[in-house]
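Trainee: Kindly generate the corresponding structure for this input.
(one chain, ligands or ions: 1)
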Amino acid sequence: MKNRILTGITTSGTPHLGNYFGAIKPSLELAKKSSDSFFFLADYHSIIKVNNPQEVTSSIENIALAWLSSGLDTKNSYFYKQSDIREILELSWVLHCVTAKGLMNRAHAYKALKENNSDDKGVNMGLFSYPILMSADILMFNSTHVPVGPDQLQHLEMTRDIALRFNHIFGDTFEIPEAVINNDDPIPGIDGRKMSKSYNNVIPLLCDEKTLKKSIMKIVTNSLEPGVPKDHTNCNVFSLYINFASDKEIEEFKDDYANGISWGDAKNKLFDKANETLLPIREKYFDLREQKDLVNDHLSDGAKKVRPLAREFIEVIRSKIGIS
Ligand code: TRP
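Mentor: You can find the predicted model right below:
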């Protein structure tokens, strides 16, 4: 079966381990088994929350470098910036007009902000219709599979609803995409909540050894003394470790917990493993970062490859709705 995967990351903040294990790594693995793969930087999504132009620009560069350093092969995939494909915004408007407002009222991101806030304070229209722009990202390329974290599942359901609605009104046009859930358990941040820029609890992906160690040492644990057996379930250090370690190493770490490993030693073990895994990515990052224009060149090549597909398809969509 021909399958086309597509996924994006919002360009706010610096890339962290949550992005890597939740999106980048599983998507690159899935790409190996897929006919086509589309990876993009959701920069128009970022301005919903970020009003600082420098932050947006540097985040675009860093998220792009995170993909490239992690092994994205631009020759065998489509790698681009959402804002370079203007037709996505055009499609977004068309989709707005077939989307029930009630569907958007139910979006988790909107509902969370709306709670105890009858005036919708702090909610801009971008946030409200965020899932529609995301649908346009996905439907524009008729992707069949969308690798995402569990928090994005609702957006995929909405995309399917919107696509079905359009197809129902205007005739078969869009593929109905399926979500592929990358990681059932969200990657915990240093405070144990889901790793996220909004919680300020991230461990950066592209940093030097010292910074990595400092972040790992900050992970919140309990006050059990060395020598006292510890529970590995619900432990932030352990939950991070399993992403880096082999099955055998995970079993050994469980034994260490049962034998009362100290938190300092447990964190050192996590650091050693993380450092070993991240070393090749870091080295590539330091190298790519020095190559002037590298990111821009990749993204403009990507736009050149992707835009003709979008142009062709938007013409089909326009003629379906009677505008051509
Ligand atoms: N909403 C996603 C996130 O915050 C980013 C995103 C935008 C996306 N458009 C997408 C992911 C399309 C997959 C497909 O992580």
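
Trainee: mind listing the helices for the stretch 101-250 of the chain?
Mentor: Assigned by DSSP state H, counting those that start in this stretch, the stretch 101-250 of the chain shows helices spanning 101-105, 108-114, 125-128, 130-139, 153-170, 209-217, 236-244, 247-258.

Trainee: Need the winner for burial among the ones you listed.
Mentor: Greatest average neighbour count among the helices of the stretch 101-250 of the chain goes to helix 130-139 (a mean of 25), per mean count of other CB atoms under 10 Å. Quick note: C-beta positions are derived from backbone N, CA and C, even for glycine.

Trainee: which helices and strands does that helix pack with?
Mentor: Identification of packing neighbours for helix 130-139 by 3 or more CB pairs under 8 Å, 6 or more residues apart in numbering; DSSP states H and E yields strand 4-10, strand 36-42, helix 43-46, helix 86-96, helix 153-170.

Trainee: Can you give me the neighbour number for the nearest residue to G22 once chain neighbours are set aside?
Mentor: Excluding its sequence neighbours, the residue lying closest to G22 (CB to CB, 6 or more residues apart in numbering) is G149, at 4.4 Å. Neighbour count for G149, taken as other CB atoms under 10 Å: 21.

Trainee: do you know how far G149 is from D84?
Mentor: According to CB to CB, to the nearest Å, G149 stands 24 Å off from D84.

Trainee: Out of the helices and strands packed on helix 130-139, which is closest to E249?
Mentor: With respect to E249, and counting by CB to CB, the nearest of the helices and strands packed on helix 130-139 is strand 4-10 at 28.5 Å.

Trainee: Other residues contacting the closest one?
Mentor: Residues outside strand 4-10 that contact it (CB atoms under 8 Å, 6 or more residues apart in numbering) are 15, 19, 23-24, 27, 30-31, 34-42, 45-46, 63, 67, 82, 137-138, 141-148, 177, 180.

Trainee: Which ones, among the residues you listed, also lie beside the ligand?
Mentor: 42, 45, 137-138, 146, 148 (CB under 6 Å from any ligand atom).

Trainee: Which residues of the stretch 51-200 of the chain lie near the ligand?
Mentor: With CB under 6 Å from any ligand atom as the criterion, the stretch 51-200 of the chain comes near the ligand at residues 134, 137-138, 146, 148, 152.

Trainee: same thing but 5 Å
Mentor: 134, 137 (CB under 5 Å from any ligand atom).

Trainee: so how many other residues sit close to the nearest residue to N142 once chain neighbours are set aside?
Mentor: Spatial nearest neighbour of N142, chain neighbours left out: E175 (4.2 Å); criterion: CB to CB, 6+ apart. Neighbour count of E175, defined by other CB under 10 Å: 15.

Trainee: how close does E175 sit to the ligand?
Mentor: According to CB to the nearest ligand atom, to the nearest Å, E175 stands 14 Å off from the ligand.

Trainee: Hmm, T144 and that residue touching each other?
Mentor: Yes. Shown here, E175 and T144 form a contact pair, counting by CB atoms under 8 Å, at 5.9 Å.

Trainee: Can you get me a residue count around N183?
Mentor: As a burial measure, N183 scores 17 neighbours (other CB under 10 Å).

Trainee: R4 pairs with what?
Mentor: Beta bridges link R4 to D36, judged by DSSP bridges.

Trainee: Could you number the chain from 42 rather than 1 from now on?
Mentor: Okay, using 42 as the starting number, the last item reads as R45.

Trainee: any idea how far it lies from the ligand?
Mentor: Look at R45 and the ligand: by CB to the nearest ligand atom, they are 12 Å apart.

Trainee: again with A315
Mentor: From A315 over to the ligand the distance is 22 Å, taken as CB to the nearest ligand atom.

Trainee: Go ahead and list the helix or strand containing that residue.
Mentor: Taking DSSP states H and E as the criterion, A315 maps to helix 304-331.
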